[in-house]
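Participant: I'll drop the sequence and a predicted model, then ask my questions.
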Amino acid sequence: MVPGCTVVRSWVMLAVLLPLRICIGITVYGSSLAPFFLILLALEKNQNVNAGW
């Protein structure tokens, strides 16, 4: 095994896995925040209706 190859492989793995982990993180984070955003949206719509928009 050439040490350089393992370094390159680990960097490639990192480059591939990092966006994947970010996507998974955003999805999990987003799904936990989704009800909160829905409530905010509903409140905003009600305010717009009340304001006569």
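Facilitator: Thanks, I have the structure now. Numbers count the residues shown, from 1 in each chain.
Participant: which helix or which strand is home to the spatially most central residue of the chain?
Facilitator: The centre of the chain sits closest to Ile26, judged by Cα atoms, centre = their mean, with a distance of 1.7 Å. Using DSSP states H and E, Ile26 sits within helix 3-51.
Participant: Leu40 - how many residues pack around it?
Facilitator: When neighbours are counted by other Cβ atoms under 10 Å, Leu40 registers 11. In short, each C-beta sits where N, CA and C put it, glycine included.
Participant: wait, Tyr29
Facilitator: By other Cβ under 10 Å, neighbour count at Tyr29 equals 10.
Participant: what's the distance between it and Cys23?
Facilitator: Plainly put, Tyr29 is 11 Å away from Cys23 if you go by Cβ to Cβ, to the nearest Å.
Participant: which regions of the chain sit below the pLDDT cut-off?
Facilitator: Along the chain, the parts satisfying pLDDT under 70 run over 1-3, 50-53.
Participant: tell me the spacing between Leu14 and Gly30.
Facilitator: In terms of Cβ to Cβ, Leu14 sits 24 Å off from Gly30.
Participant: err, Leu43, not the other one
Facilitator: Using Cβ to Cβ, Leu43 is found at 19 Å from Gly30.
Participant: again, but for Arg9
Facilitator: Separation of Arg9 from Gly30 (Cβ to Cβ) stands at 31 Å.
Participant: now swap in Gly4 and tell me
Facilitator: For Gly4, the distance to Gly30 - Cβ to Cβ - is 39 Å.
Participant: before we move on, what about Gln47?
Facilitator: 24 Å.
Participant: ok, Leu38 next?
Facilitator: Taking Cβ to Cβ, one finds Leu38 at 12 Å from Gly30.
Participant: lovely, talk soon.
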